[in-house]
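Novice: A structural model of the following input is requested.
(one chain, ligands or ions: 3)
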Amino acid sequence: MASILDRLRTLALAGAMAGMAMAAGGLQAGVDLPKLERGKGDKCVEETQFMRRNHMELLKHHRDETMHKGIRTPKHSLKGCVECHAGAKTGSVAASKEDFCSACHAYASVKLDCWDCHATKPGKRPIHSIPSTAGAAMPPMDSGMAGGHR
Ligand code: HEC
Ligand code: HEC
Ligand code: HEC
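Specialist: Residues are numbered from 1 along each chain as shown. Ligands and ions are numbered 1, 2, ... in the order given. Coordinates of the predicted model:
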């Protein structure tokens with residue numbers, strides 16, 4: 001049942017974050033974690049559990065490599081995160097409190113300065129990313145065309 005799965009997911013996430021949450025203070029067991037939108041594609045750039053715990057290290061490490069050594073590994077690029085995790089409503093990872101990165105960070109009281117310089121939205125805005133809830137996309141009416149219909 002969906003509710004049980006949600007609960008398990010919430011617990012797993014709470015476990016992963018418990019240490020930091022306590023350090024940040026003010027977080028209590030039983031508070032509902034934000035609902036995270038699922039990223040695009042089948043999976044993240046690393047295992048989901050790993051990402052929950054270590055994405056900050058990945059990003060910081062990656063930034064150091066890029067900035068200081070001129071190495072680029074597209075796999076862990078911040079651009080990649082944004083492309084897959086931009087929210088359906090805002091098209092951004094951090095425009096609203098429901099967006100992927102900010103949802104979790106708001107909960108954990110993490111503030112990022114990254115978005116001062118880095119875009120929170122994917123560079124291109126493919127039309128198909130417009131949320132389907134936005135419009136009654138009518139299927140084409142083929143009444144006049146279906147001459148051969150019996
Ligand atoms: C003062 C501006 C500034 C801030 C703040 C900043 N960056 Fe960057 N960052 C840059 C510039 C400039 C580059 C190199 C140009 C590029 O690759 O887009 C870069 C490159 C990167 C890259 C490698 C390129 C990519 O797209 O993956 C990563 C990863 C990255 N930054 C992560 C971060 C993270 C995480 C934060 C917040 C903790 C952050 N940056 C904050 C300016 C900034
Ligand atoms: C190719 C698309 C893609 C890219 C690129 C990507 N992700 Fe993901 N990410 C996903 C998907 C899909 C999931 C959900 C996987 C699952 O449910 O097991 C996910 C899950 C996560 C989670 C766990 C979310 C949760 O529900 O607890 C975190 C954290 C995360 N990603 C951060 C990042 C960061 C940071 C980057 C950039 C370094 C990144 N992702 C790049 C697709 C992507
Ligand atoms: C599953 C919850 C969750 C999601 C989703 C998430 N984060 Fe985080 N993030 C955290 C937590 C918790 C911390 C604080 C870790 C700590 O204090 O050591 C953090 C810290 C960070 C830091 C380090 C901040 C610093 O100043 O040290 C960066 C950078 C970061 N996250 C980037 C991202 C980006 C980019 C995304 C979206 C693609 C994202 N995070 C999505 C939970 C999350």
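
Novice: Lowest average confidence across helices and strands of this structure, where is it?
Specialist: helix 2-24 (a mean of 48; mean pLDDT, DSSP states H and E).

Novice: so where's this structure uncertain?
Specialist: 1-33, 67, 71-73, 124-150 (pLDDT under 70).

Novice: Tell me where it has helices.
Specialist: According to DSSP state H, the chain carries its helices in the segments 2-24, 48-64, 78-85, 100-108, 114-117.

Novice: need the residues of the protein near ligand 1, please.
Specialist: Residues of the chain lying close to ligand 1 (Cβ under 6 Å from any ligand atom) are 59, 62-63, 66, 77-79, 112-114, 116-118. For the C-beta atoms, the positions are set from N, CA and C on the backbone; glycine is no exception.

Novice: 8 Å - rerun?
Specialist: Applying Cβ under 8 Å from any ligand atom, we find that the chain lies next to ligand 1 at 56, 59-60, 62-63, 66-67, 72, 74, 76-80, 112-118.

Novice: Pull the number of nearby residues for Lys60.
Specialist: Lys60: 10 surrounding residues under other Cβ atoms under 10 Å.

Novice: before we move on, what about Cys81?
Specialist: 21.

Novice: quick one: it and Ala94 touch, right?
Specialist: No. Cys81 is beyond contact range of Ala94, at 10.5 Å (criterion: Cβ atoms under 8 Å).
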